[in-house]
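**Student:** using only what follows, build the 3D model:
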Amino acid sequence: MARARVQSNTVLAVDLSDIRKEYAQKMENLATVRDGSTGNCIRATGCAA
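**Tutor:** Here you go, the predicted model:
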């Protein structure tokens, strides 16, 4: 089970910028993030709540 592998020094990386919302202006959890592929700032929503 995964619980046995998680320790106090385990790093948990979460990418919340996977869902692009390029043309959205108002939306829950909408934020400006940096697109790692292009280096541009884009609008995106987090996929974890």
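
**Student:** low-confidence bits of this structure, can you list those?
**Tutor:** Residue ranges of the chain with pLDDT under 70: 15-22, 46-49.

**Student:** strands of that one, start to end?
**Tutor:** Counting by DSSP state E, residue ranges of the strands within the chain are 19-20, 30-34, 41-45.

**Student:** most tightly packed of those?
**Tutor:** strand 41-45 (a mean of 16; mean count of other C-beta atoms under 10 Å). (Glycine included, C-beta is placed from N, CA and C.)

**Student:** strand partners of it, parallel vs antiparallel please.
**Tutor:** Strand 41-45 pairs in its sheet with strand 19-20 (antiparallel), strand 30-34 (antiparallel), by DSSP bridges.

**Student:** so can I have JSON lines of these showing distance to V11?
**Tutor:** Formatted as JSON lines, the strands paired with strand 41-45 follow (distance: least, C-beta to C-beta, whole Å):
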{"stretch": "strand 19-20", "distance to V11": "23"}
{"stretch": "strand 30-34", "distance to V11": "20"}
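
**Student:** out of those, the one nearest N9 is which?
**Tutor:** strand 30-34 (27.3 Å; C-beta to C-beta).

**Student:** okay, the closest one in PDB with CA atoms only?
**Tutor:** This file holds the C-alpha atoms of strand 30-34, laid out as PDB (Å, rounded to 0.1, in the frame of the first residue of the first chain):
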ATOM      1  CA  LEU A  30      -9.500  30.400 -12.500                       C
ATOM      2  CA  ALA A  31      -5.900  31.600 -12.200                       C
ATOM      3  CA  THR A  32      -3.100  32.800 -14.400                       C
ATOM      4  CA  VAL A  33      -0.300  30.300 -14.600                       C
ATOM      5  CA  ARG A  34       2.900  29.900 -16.600                       C
END
